[in-house]
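Trainee: Sequence first, predicted model second:
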Amino acid sequence: MAKRALLNVDYTYDFVADDGKLTCGKPGQEIEEAIVNLTKEFLATGEFVVLAIDKHLENDVLHPEMKLFPPHNIEGTSGRDLFGSLATLYRQYENDSNMYYMDKTRYSAFAGTNLDMKLRERGIEEVHICGVCTDICVLHTAIDAYNKGYAIVIHADAVASFNAAGHDWALGHFENTLGAKVIRTGN
């Protein structure tokens, strides 16, 4: 069996809370239990868990996202806090060598980060991806994982978006274009 890791993308206050700056709202809140259970499962079996979290600077007019989306996940704000019970779970495991919190500044968790190196030094061959938004940061992380040769597993009950059509399109794209295994409830 391939050695695997869980990539948990952007499950923060700004992306999930009702008053978050770029929130998925209810769809994001409804996946909390699935995300926490997946994280617990990977940690319980001694597998690597990455929390890849958006980090933006206030008034960064040069960042391309600032033309597309309202300011979100701004450094030093509570918007970057992990959402709900994932925050509690992180506090329990933050010093565990299998829990890795990393900042990212682009959609993909691989862009401009050391994520690929962290996975390769552990011999990871398969990445499981959960988080938000399905059609933005989860999608671009999956595309980069594909281009780097990782097997990809998407947990459909642990991804969400503020764009329902984009969410559905991305689930199909994962399967039909990236060859990912999409696990849906009941699979």
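Mentor: Yep, that arrived.

Trainee: all helices of the chain, in order?
Mentor: For the chain, the helices defined by DSSP state H occupy 13-16, 26-29, 32-44, 84-93, 115-120, 139-147, 164-176.

Trainee: quick one: contacts for the nearest residue in space to residue 131 that is not next to it in sequence?
Mentor: Leaving out its chain neighbours, the residue that sits closest to residue 131 by C-beta to C-beta, 6 or more residues apart in numbering is residue 9, at 3.3 Å. From N, CA and C alone the C-beta is placed, and that goes for glycine too. Residue 9 makes contact with 52, 109, 129-132, 137-138, 141, according to C-beta atoms under 8 Å, 6 or more residues apart in numbering.

Trainee: The nearest residue to residue 80 once chain neighbours are set aside and residue 117, how far apart?
Mentor: Spatial nearest neighbour of residue 80, chain neighbours left out: residue 73 (5.0 Å); criterion: C-beta to C-beta, 6+ apart. According to C-beta to C-beta, to the nearest Å, residue 73 and residue 117 sit 23 Å apart.

Trainee: neighbour count winner among these two?
Mentor: residue 73 (24 against 9; other C-beta atoms under 10 Å).

Trainee: Verify the stated contact: that one with residue 58.
Mentor: No: contact criterion C-beta atoms under 8 Å: residue 73 and residue 58 do not qualify, at 10.8 Å.

Trainee: Using JSON lines, lay out the helices of the chain together with distance to residue 2.
Mentor: Below are the helices of the chain laid out as JSON lines (distance: least, C-beta to C-beta, whole Å):
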{"stretch": "helix 13-16", "distance to residue 2": "29"}
{"stretch": "helix 26-29", "distance to residue 2": "29"}
{"stretch": "helix 32-44", "distance to residue 2": "14"}
{"stretch": "helix 84-93", "distance to residue 2": "23"}
{"stretch": "helix 115-120", "distance to residue 2": "12"}
{"stretch": "helix 139-147", "distance to residue 2": "13"}
{"stretch": "helix 164-176", "distance to residue 2": "17"}
